[in-house]
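Engineer: sequence first, predicted coordinates after that:
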Amino acid sequence: MSLTTKETPSRETLKSMRRISQIGLVCFLAGLAAACGASRPTKYYALDAPATPAPASSTQIPVRLMVARISGSHLYRDDRLVYGSGPVQLGTYEYERWSEPPVDMLQDMLISSLRASGQYRSVSRVGSASRGDYVVRGHVDALDEIDKPSLAARFSFQLELFDPAAGNIVWSSSYAHDEPVQGKHVSDVVEALDRNVETGLQQLTAGLTQYLTSRSTQ
């Protein structure tokens, strides 16, 4: 009859085994986190409503416009899409983002809308080498998703015309509308925002053109 003798692991061996187990657990958790992160890719959206050309006019307003960068809260200077949660609370999506900050997209769209009107001698961006007679300034109050009383895309915007020679604001107007969303996805909200922004900018720029037209004929 033979006896089998088991050796008791040394303290160093036990420490090494424990360390290997801990490293394995960390690697497993890291891999799990990476897998979870990969399942939620970030999606990017853009406001790209085309500017609608105005009917051709034989008269042009002898005015050069400079469009300043749009102002707004930090929510619209960031790239996260904003949603409303209740009457007073706003939140932001983590994985649904704009391709660039909304204030920059709105400035580009405003310039395009003014140029498409064909009514002005020139329309440039503030900071360019061009010089202008007036400065167009905008402020975005809302560009977000709301869910009460029903899902809608809210756009609220203020536009004003500043006269550098006089040193004051000579014209201002505002637009606010909740566009119904046809669908339940974020992409549907963005499409509704696109329509809303296009309509709002067309109305505001038409009012600005009307004011400058009447002023130039005085």
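Structural biologist: Now that the structure is in, tell me what you want to look at.

Engineer: look up how far L159 lies from I169.
Structural biologist: With distances taken as CB to CB, to the nearest Å, I169 is found 11 Å from L159. Heads up, the C-betas are built off the backbone N, CA and C, glycines and all.

Engineer: which one's more surrounded, those two?
Structural biologist: Per other CB atoms under 10 Å, whichever of I169 and L159 has more neighbours is L159, with 22 against 12.

Engineer: residues contacting that one?
Structural biologist: With contact set as CB atoms under 8 Å, 6 or more residues apart in numbering, L159 has these partners: L110, V136, R137, G138, S172, S173, S174, Y175, L204, T205, L208.

Engineer: nearest to L75, of these?
Structural biologist: Among the contacts of L159, G138 lies closest to L75 (CB to CB), at 15.8 Å.

Engineer: report the contact partners of the nearest residue to that closest one once chain neighbours are set aside.
Structural biologist: Leaving aside its sequence neighbours, G138 sits nearest to I70 (CB to CB, 6 or more residues apart in numbering; 4.5 Å). When the contact criterion is CB under 8 Å, 6+ apart, the partners of I70 are P102, V103, D104, L106, Q107, L110, G138, H139, V140.

Engineer: mind listing which of those are in strands?
Structural biologist: Per DSSP state E, strands hold the following members of these: G138, H139, V140.

Engineer: in JSON lines, list these along with pLDDT.
Structural biologist: JSON lines is the format used below for the ones in strands among the contacts of I70 (pLDDT from 0 to 100):
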{"residue": "G138", "pLDDT": "98"}
{"residue": "H139", "pLDDT": "98"}
{"residue": "V140", "pLDDT": "98"}
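
Engineer: of the residues you listed, closest to L81?
Structural biologist: Scanning the ones in strands among the contacts of I70 for proximity to L81, where the rule is CB to CB, the winner is V140, at 13.7 Å.

Engineer: give me the nearest residue to the spatially most central residue of the chain, chain neighbours excluded.
Structural biologist: Nearest residue to the geometric centre of the chain (CA atoms, centre = their mean): P102, 2.7 Å. Among residues not flanking P102 along the chain, Y76 sits closest, at 4.5 Å (CB to CB, 6+ apart).

Engineer: that neighbour: how many residues sit nearby?
Structural biologist: The number of residues packed near Y76 is 24, by other CB under 10 Å.

Engineer: repeat for Y83
Structural biologist: 18.

Engineer: what's the neighbour count on the nearest residue to it once chain neighbours are set aside?
Structural biologist: Nearest non-adjacent residue to Y83, counting by CB to CB, 6+ apart: E145, 4.2 Å away. Neighbour count of E145, defined by other CB under 10 Å: 24.

Engineer: surely E145 and L81 touch.
Structural biologist: Yes: using CB atoms under 8 Å, E145 is in contact with L81, at 7.2 Å.

Engineer: tell me the mean pLDDT over the helix or strand encompassing Y83?
Structural biologist: Per DSSP states H and E: Y83 is located in strand 80-85. Averaged across strand 80-85, pLDDT comes to 91.

Engineer: quick one: residues in contact with that strand.
Structural biologist: Residues from elsewhere that reach strand 80-85, judged by CB under 8 Å, 6+ apart: 45, 75-76, 90-94, 96-98, 143-148, 154, 186, 189-190.
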